[in-house]
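J.: structure for this input, please:
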Amino acid sequence: MKKIYLLIFVLISTINIFAQVEFTATCKSPVAQGEQFRLVLTLNAKGSGFQAPSMSDFNVLSGPSTSSSSSISIVNGNVSQSVSTTYTYIISAAKEGDFKIGSASIEVEGKRYISNPITVKVLKSSAYQQQYNSQSSGSNRKNNEATGKAGTNLVAMTSINRSTVYQGEPIVATSKIYSRLNLVGFNNVKFPTYDGFWSEELKMPSEITLRNEQLNGISYKSADLKKMLLFPQKSGTIKITPIEIECVVREVVRDDDPFSAFGFFNSQRNVKYNVVSNAVNINVLPLPERNKPIDFTGAVGQFKIKSTIDKTKAKTNDGISFKLIVSGSGNFKLINKFDIQFPADIEVYDPKVSENVSTTEKGMNGTKVFEYLLIPRSAGKFTIPSVTFNYFDPQKKDYVNIASEEFEIEIEKGKGDASGYISSINKEDLKYLGKDIRYIKTANITLKPINTQFLFSTQFYILSILPLFLFLLFIILLNKKIKENRDIALVKNKRATKIAKKRLKTANKFLQENNSAEFYNEVSKALEGYIGDKLNISISELNKDNIIASLSKRNVQDEYINKLIELLNECEFARFAPQTSSETLHNTFDKASELIMNLEQKIKR
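T.: You can find the predicted model right below:
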């Protein structure tokens, strides 16, 4: 028997020597302009050193994702083994025509193999749709008319109001979905990242509404999912990454019943489609060096500046309010301070900054106020200088210099003022006055003999030993903290409840605003984050099956497990449902808070 096993092992280990290595590429053709489709490269062996094909005419949305499989079969005493490695890309074409995907290469047992090149025919969306409809009308529809790839029936897109801007000039980026199917919801929406931009999310309606819209000559139902106001922080080409959406579509399932042709007895099912948009490139122009002011701080837009003062006549040591008001539209966040040369005899406190700025699709509009408190320390006439402000105007494509008003103030000597003696001393010198006089102490004091010695006293020994004791205590606590921080799972376990309560606090804020979509999103994050941290489940493995299994291992009663799953399902479906009543939101919040408290008592690490 051992000899038979040995023979089988030898046959299995040598079977790949006689197998012919194949490395093939396949993808859909024709495709619609802008449609996402898969390029699949398959190798029937184990390889290394994969080199991607040339796809210069296509947008690579994701990939390569790699998967491997192997199988062994014995038929009539013949042993065979098959190994397969697959490299998958998701790509799209931005324009119509015939485009070539080059050959990929990979190394197998020291020899390099090349895949076949592919020519993909890209049609206009309207032409492709006619061909798609004619093919689908003559096909067998006994399962589902829309089953399979969504094609151009579902399109995700990030639209921008302009693609070329100056550094610091605002852009509006809108994440959208276009559908020609019965779209009922979304799951796992991954919005773009905005690296290289300072971003501000624009307020959206609490409910997602569908509207009729044309895209490439085709009628769709479209919805705006998110709007961002972006300010590019550097020049050059900045990429906005694709949006990825798992769309839930309700489809009709037809059977072989003759009445199904009339719409009778048809059932429905929800089908999930993964839709990925194109990446978007923004061309950011650098601010010109020509005519650039020396004191330019980066403000871009259209601004005005004015100054006010509450009084032009005052007495020494009286407070005077001086305000600088900047108004207009642009990147207010970069307007932080002004270099103002106040008179030396006037003490100036750091300004109190307040702003009333609204963020809309037109940009940031409003006012920013810098209020200075001025304290004149000597009598006389003083000038509060005009303040200059420079900004770049993208419409004029040039720098603009504006200035505030200048003020003359008259200061009289106040009561008890010593300005007559120090009129020639500036405010920096005033800080040193009064240090050579000891003030009379009015509180209770303790007197000691003048010959009392501190050295070798009880206090001396206590204060000598105390630093050593505190240092040893610090070392002990530090070592304990280091050991705890090494155990990441333990750290997450300890912080799970605190983080969950923080998320519930945010959810409560959305509850007060009656924003049901954001409310359910935060409650879901609180529950999933608590379970993940408490049970040491990674985000990639945080699904309902793993949650149920992990809680059962911790001997948590089915009652609490069922409540948790019901709450997660409620949050998942409610986020994209119509607006929920305030009473329902309060009920969900109470259930989530109570459930986390109960689970904290039931889960024992």
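
J.: so where's the stretch 201-350 of the chain uncertain?
T.: 253-267 (pLDDT under 70).

J.: one more pass at 50, please.
T.: Applying pLDDT under 50 to the stretch 201-350 of the chain flags the ranges 257, 259-260.

J.: ok, now the chain?
T.: 1-18, 72-77, 79, 132-148, 257, 259-260, 418-437, 439.

J.: stretch 387-403: how far from the chain's middle?
T.: 32 Å (CA atoms, centre = their mean, to the nearest Å).

J.: how long is it end to end?
T.: Taking CA to CA, to the nearest Å as the measure, stretch 387-403 stretches 5 Å from start to finish.

J.: where exactly do the helices run in the stretch 101-250 of the chain?
T.: 125-137 (DSSP state H, counting those that start in this stretch).

J.: grab the most central residue of the protein for me.
T.: Thr193 (5.9 Å; CA atoms, centre = their mean).

J.: distance of it relative to Thr506?
T.: Counting by CB to CB, to the nearest Å, the gap between Thr193 and Thr506 amounts to 22 Å. Using the backbone N, CA and C atoms, a C-beta is placed for each residue, glycine as well.

J.: quick one: contacts for the nearest residue to Pro293 once chain neighbours are set aside?
T.: With CB to CB, 6 or more residues apart in numbering as the criterion, Pro293 has its nearest non-adjacent residue at 4.2 Å, and that residue is Asn390. By CB atoms under 8 Å, 6 or more residues apart in numbering, the residues touching Asn390 are Pro293, Asp295, Phe296, Thr297, Ala299, Tyr399, Val400, Asn401, Ile402.

J.: the first one belongs to a helix?
T.: No. The secondary structure assignment for Pro293 gives coil rather than a helix, going by DSSP: H, G, I helix; E, B strand; the rest coil.

J.: that one is in contact with Tyr399, isn't it?
T.: Yes. Between Pro293 and Tyr399 there is a contact at 6.0 Å, judged by CB atoms under 8 Å.

J.: who's more crowded, those two?
T.: Tyr399 (17 against 14; other CB atoms under 10 Å).

J.: list the contacts of the helix or strand that that one is a member of.
T.: Following DSSP states H and E, one finds Tyr399 within strand 398-403. With contact meaning CB under 8 Å, 6+ apart, strand 398-403 is reached by 288, 291-293, 296, 303-305, 386-393.

J.: mind listing what's buried along the very next helix or strand once past that strand?
T.: Counting by DSSP H and E, the next helix or strand C-terminal to strand 398-403 is strand 407-412. Residues Phe407, Ile409, Ile411 are the ones in strand 407-412 that count as buried (16 or more other CB atoms under 10 Å).

J.: give me the contact list for strand 407-412.
T.: 307, 309, 311-316, 320, 322, 376, 378-384.

J.: in strands only, show me these.
T.: 307, 309, 313-315, 320, 322, 376, 380-384 (DSSP state E).

J.: among the residues you listed, which one lies nearest to Lys333?
T.: Nearest to Lys333 out of the ones in strands among the contacts of strand 407-412 is Ser307 (CB to CB; 21.6 Å).

J.: nearest spatial neighbour of Ser62, chain-adjacent residues omitted?
T.: Using CB to CB, 6+ apart, the closest residue to Ser62 is Ile90 (4.7 Å).

J.: secondary structure element for the one you found?
T.: Going by DSSP H and E, Ile90 is part of strand 78-92.
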